[in-house]
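Engineer: What follows is a predicted structure for the sequence shown.
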Amino acid sequence: MAYHRTLSWIAACLLAILLAPPSRAQDPTAGFTAVSLSEGNFQLQKPYNMPSNARYSFDGTVRRMWVFSSHEPFKAQSDTRPRTEMRMTSSSAFSAIRGYDYSSGVWQFEGSVFLPSGTTGVSIMQVFGGGTATTLMLHVYDGALRYYNQRTVEDNIYDRWLRVNVVHDVGASVLTVFVNGDLKLTAAGRGGDSHNFKFGVYTQRDPSSRMESRWKNVRILKKN
């Protein structure tokens, strides 16, 4: 009798799962307001000895950035690795150092990214400013999006568009990452007095010889 009751319970659970409505992706931007952005807010950092159009293109919708692992850093005296990145800043010459840097509140980066197959060993997005230079980096290794070179955030990312939202609650020292509206990562902050968002390609360990990312619909938002 107990055996039949157990089977009935299992069947009921399976039926409930089958009949349950599909889970819906969240809207990470709910309760946030987008800040005003113009082309002046997108500050390109690329190998210092190359013109911008040698490693960056923008057709009005998609920003395409690429770099080779053999390239020079973005400053002649820098010991950092090659990059072609956008640093979100201000269009005003009087506030270009600060721009959309922030030290308090809850801020969010949103953008859709496309990674061509073969790009690996690279950071494609970072929250700059932390006890170890950054407070969050999203790396790509062999077709997986990772938190630094550690936890997997999303698998099988090559050759498809992904909507990425990164939320940074400075006061709580917590960051959350959403991919296509699904919460994929919650991580502790890493300190720092001032932060800003960057996206593109920035060489990390074991890189491919050529690295590329394409971005569209980039926004910065602040919690209401």
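Structural biologist: Done, it's in. Please read all numbers here as calculations on a predicted model, not as lab measurements.

Engineer: which helices and strands sit right next to the helix or strand that contains Met137?
Structural biologist: The secondary structure element spanning Met137 is strand 134-141 (assigned by DSSP states H and E). Applying 3 or more Cβ pairs under 8 Å, 6 or more residues apart in numbering; DSSP states H and E, one finds that strand 134-141 makes contact with strand 122-132, strand 144-147, strand 161-169, strand 174-179. Placement of C-beta: from N, CA and C, glycine included.

Engineer: helix/strand/coil for Ser213?
Structural biologist: Going by DSSP: H, G, I helix; E, B strand; the rest coil, the secondary structure assigned to Ser213 is strand.

Engineer: Oh, that last question was meant for Gln26, not what I typed.
Structural biologist: coil.

Engineer: I'd like the distance between the nearest residue in space to it that is not next to it in sequence and Thr203.
Structural biologist: Nearest residue to Gln26 in three dimensions, chain neighbours excluded: Gly181, at 5.2 Å (Cβ to Cβ, 6 or more residues apart in numbering). With distances taken as Cβ to Cβ, to the nearest Å, Gly181 is found 30 Å from Thr203.

Engineer: Neighbour count: those two, which is higher?
Structural biologist: For Gly181 versus Thr203, the count of surrounding residues by other Cβ atoms under 10 Å is larger for Thr203: 22 against 13.

Engineer: Val122 is in contact with that one, correct?
Structural biologist: Yes. When contacts are counted by Cβ atoms under 8 Å, Thr203 is listed as touching Val122 (6.0 Å).

Engineer: and the closest residue to Arg210 other than its chain neighbours, how many neighbours does it have?
Structural biologist: The shortest distance from Arg210 to any non-neighbouring residue, by Cβ to Cβ, 6+ apart, is to Phe68 (5.5 Å). Using other Cβ under 10 Å, Phe68 has 16 other residues around it.

Engineer: now Phe68: how far from Phe58?
Structural biologist: Plainly put, Phe68 is 20 Å away from Phe58 if you go by Cβ to Cβ.

Engineer: Then Thr152?
Structural biologist: In this structure, Thr152 and Phe58 are 30 Å apart, going by Cβ to Cβ.

Engineer: Gln204 is in contact with Thr120, isn't it?
Structural biologist: No. If you go by Cβ under 8 Å, Gln204 and Thr120 don't touch, sitting 9.1 Å apart.

Engineer: what about the two, which has more around it?
Structural biologist: Gln204 (21 against 18).

Engineer: I'd like to know how far Asn149 sits from Ile157.
Structural biologist: Taking Cβ to Cβ as the measure, Asn149 and Ile157 are separated by 15 Å.

Engineer: who has more neighbours, these two?
Structural biologist: Applying other Cβ under 10 Å to Asn149 and Ile157 shows that Ile157 carries more neighbours, namely 21 against 13.

Engineer: residues touching the more buried one, list them.
Structural biologist: The neighbours of Ile157, taking Cβ atoms under 8 Å, 6 or more residues apart in numbering as the test, are 115, 140, 143-145.

Engineer: What about the closest residue to Asn156 other than its chain neighbours, how many residues nearby?
Structural biologist: The shortest distance from Asn156 to any non-neighbouring residue, by Cβ to Cβ, 6+ apart, is to Gly143 (6.0 Å). Burial of Gly143 is recorded as 16 neighbouring residues (other Cβ under 10 Å).

Engineer: and if you look at Arg210?
Structural biologist: When neighbours are counted by other Cβ under 10 Å, Arg210 registers 15.

Engineer: thought it was touching Met65?
Structural biologist: No. In this structure Arg210 lies outside contact range of Met65 using Cβ under 8 Å: 11.7 Å.
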